[in-house]
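Fold the following for me, if possible:
(3 chains)
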Amino acid sequence: MSHVSFLSDFGLTDEFVGVVHGVIAKLAPDTTVVDVTHGIPRGDVRSGALALVRAIQYLPEGVVLAVVDPGVGTNRRAIAAQTESRMLFVGPDNGLLGPAVATMGGATKIVELTNPAAQIPSVGATFAGRDIFGPAAALLASGEASVDDLGPEVAPDSVTPLLIPLPEIEPGRVVGEAWWVDTFGNVQSNIGPEDLAVAGITRAVTVTVRVGATEHEVPWVDAYGDVDEGEPLLYVDSSGLMAVAVRAGSATSYFNLAAGTALTLVG
Amino acid sequence: MSHVSFLSDFGLTDEFVGVVHGVIAKLAPDTTVVDVTHGIPRGDVRSGALALVRAIQYLPEGVVLAVVDPGVGTNRRAIAAQTESRMLFVGPDNGLLGPAVATMGGATKIVELTNPAAQIPSVGATFAGRDIFGPAAALLASGEASVDDLGPEVAPDSVTPLLIPLPEIEPGRVVGEAWWVDTFGNVQSNIGPEDLAVAGITRAVTVTVRVGATEHEVPWVDAYGDVDEGEPLLYVDSSGLMAVAVRAGSATSYFNLAAGTALTLVG
Amino acid sequence: MSHVSFLSDFGLTDEFVGVVHGVIAKLAPDTTVVDVTHGIPRGDVRSGALALVRAIQYLPEGVVLAVVDPGVGTNRRAIAAQTESRMLFVGPDNGLLGPAVATMGGATKIVELTNPAAQIPSVGATFAGRDIFGPAAALLASGEASVDDLGPEVAPDSVTPLLIPLPEIEPGRVVGEAWWVDTFGNVQSNIGPEDLAVAGITRAVTVTVRVGATEHEVPWVDAYGDVDEGEPLLYVDSSGLMAVAVRAGSATSYFNLAAGTALTLVG
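This next block holds a predicted model:
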């Protein structure tokens, strides 16, 4: 029993995800596909990479197939990465895989997916998920191919890194940004509790959350239950990052935050 | 081959559902997950309970994992219920599971999910679906745990009931409400044909559907094909409840109905 | 290991898709379901048929279950079709299955799904996906039934055809229409490169795309990478049909196109 964990920005309106499932079912009928999500915003490589790194430790051993690929139809490379763990990664060479690969101990080998025998020919433009990435994931999951069978090795330092903003730590404050707004309106920042510690901000009754020119005194608590309904909270979220939420409400409207908005925590 | 049937209000935009699938795949690799739906309106326990009770008799033997949990992060309990049937239930103690458990013959044992050995530790706030409910469902489905291994038994009468409105039956009329508006715009009421019988309303050519101050004479028929396109119909729907629809149209706009709107059927 | 590939217009908000999965899991527990898509616009048989024909060659051997069924609750027939390939088809007799069946070599036998022993009785109106189509697909996939067990054979020429518009080919131009707008805003036409060849239009630097009274000179290229961001392109898409797109943009707004809009290619 092998697994392919599949993340994309394909959405579920068209048959794109279903066709990739079909390709995997044909080439690797004993493989189970776990759909991580297909709701990544179109072409948003960073969002895809962050979702993957949040999920990766909870995914089963096997292959991770990730396709957020604004460069499809250009000369960006398609790659597969082997790691020290028992996880293999397949996707475009645009930074999407980087953080998750690093979380799994880093790549021991990276290949470019160029072997036509491991691809499905298309009558027209390439649908890379169907024709290149899906078949590669299926062949790896079934054990019919190793990464060496998919194409030539590429130099690790030639692979596109993901540029993700790190928080700026100053005495008494950390300048970060909103990294992820989830479907419930909770907002995860790129600031960890260890960043606050470096800044000398220890867990206190309240912390100042500054968004633009507005400051909010927000209680730093463990969970929703520690504040009343409609009240804001600052907490270490289930990914281990500082997040703001509003109990039974939405932090996006309360704090006027969206993904990418600058956000400063002041002790 | 065991099954976990999974219902939630997580939506499919984020990776929440995928991560729970990942947890189950890791802990119980031979288990198949049936996604009942993840489109329950956020925090709407009643909608989730009603969807589950509509689906339950069509779900495979195994574990039902249901997470609509507005009380996450408070001291609401997490529970698992064993039933006389071969179905086990896992979810929050907020009424979500009640109607489906009752449909399956009632609980023979209910436990609180407190055993840390059956949970996944989190670096920050608990993501209960990933850390508590998902692992419990996986361990039950794989047979690696019984409900007794998950935590201590709780008194059945301490479990939160679901308060659902029953129709009021008077001679010649039944006062109910719209219970569910489906994606096609069909509206299911909380009134059964047996309630109409008690009110002395037998199947007739037309029945009066009263919404607010407006009355509609609606034919009581078997199915869409019995009326013309654009025309309304009253029928016993596929769950056995009285429903209104508009052939090739939407009953919500025709009747000005939403979930929760009062609706009276007059013979 | 057998497969059911499942396409519908049920959407993912309600539990309809999940209930059909449940029915299949109960009747055919060893069957894997591939969800092709459930995002077909409500009742849009042509869109469903086109999505199915685009997907069909990538789906695993087994049963195709397709339910886009605006005639549910009328006397339209429910059918199953056996083909020369190892694919079986189940769905309503409304043209939905036709193009995909033809792609698989045509039907060798078509039956009407009338055998009550192969159906699930309903307390009220029939939910055909749950009560008729799903059980038929499950019984075929598990091998517990052949098409002959599902109901009597029907005459192939009595089956409803799908009326799909063919392009009109004139010297120097082909009059077609927009057939499919995908979630990325790419627009597939019903015109193939072979139609352009018949019209005497060979691949040139640019082709004129006429929509209404507006003409656009559009480069005919292989893929997105051949034009700059924000620029339009004409290409043979991954289904082998002429399509227009805008690199990192949307062809629907650029060309003012929607599904069904007339579109003429002029050499």
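
any residue of stretch A:78-96 up close to chain B?
No. Stretch A:78-96 does not reach chain B (C-beta under 8 Å from any C-beta of the partner chain); its nearest approach is 11.7 Å. Where you see a C-beta, it was placed from the backbone N, CA and C, and this is true even at glycine.

average pLDDT across that stretch?
Stretch A:78-96 shows a mean pLDDT of 96.

and it, does that touch chain C?
No. Stretch A:78-96 lies apart from chain C when judged by C-beta under 8 Å from any C-beta; the minimum separation is 12.7 Å.

roughly how far is that stretch from the heart of the chain?
Taking the mean of its C-alpha atoms, stretch A:78-96 sits 13 Å from the chain's own mean (C-alpha atoms, centre = their mean, to the nearest Å).

can you give me the helices in the stretch 51-200 of chain A?
A:98-103, A:128, A:134-142, A:193-198 (DSSP state H, counting those that start in this stretch).

Show me what the last one is in contact with.
In other words, helix A:193-198. Defining contact as C-beta atoms under 8 Å, 6 or more residues apart in numbering or on different chains, one finds that helix A:193-198 is touched by A:167, A:169, A:174, A:176, A:202-203, A:236, A:240, A:242, A:265, A:267.

Any of these buried? List them.
A:167, A:169, A:174, A:176, A:236, A:240, A:242, A:265, A:267 (16 or more other C-beta atoms under 10 Å in any protein chain shown).

Please give the number of neighbouring residues around the residue lying closest to A:S253 once chain neighbours are set aside.
Using C-beta to C-beta, 6 or more residues apart in numbering or on different chains and skipping the chain neighbours, the partner closest in space to A:S253 is A:G185 (7.2 Å). Using other C-beta atoms under 10 Å in any protein chain shown, the number of residues around A:G185 comes to 18.

Please state the backbone phi and psi of A:G185?
A:G185 adopts backbone torsions of phi 90, psi 10, taken as degrees, to the nearest 10.

And the furthest pair within the buried ones among the contacts of helix A:193-198?
Across the buried ones among the contacts of helix A:193-198, the longest distance by C-beta to C-beta is 19.4 Å; it joins A:G240 and A:G267.

For the strand or helix carrying A:D35, which strands pair with it and how are they oriented?
Assigned by DSSP states H and E, A:D35 belongs to strand A:31-37. Note on strand A:31-37: by DSSP bridges, its sheet partners are strand A:2-8 (parallel).

near chain B at all, the helix or strand following the partner strand?
Of the helices and strands lying after strand A:2-8 in sequence (DSSP H and E), the nearest is helix A:16-27. No. Using C-beta under 8 Å from any C-beta, helix A:16-27 stays clear of chain B, coming no nearer than 10.5 Å.

anything in helix A:16-27 sitting right up against chain C?
Yes. Applying C-beta under 8 Å from any C-beta, one finds helix A:16-27 in contact with chain C at A:16-19, A:21-23, A:25-26.

A:W180: which of the residues you listed is nearest?
Relative to A:W180, and with distances defined as C-beta to C-beta, the nearest of these is A:V17, at 21.6 Å.

Hmm, that closest one is touching C:T37, no?
Yes. Between A:V17 and C:T37 there is a contact under C-beta atoms under 8 Å: 7.4 Å.

Low-confidence regions, the stretch 1-150 of chain A specifically.
A:1 (pLDDT under 70).
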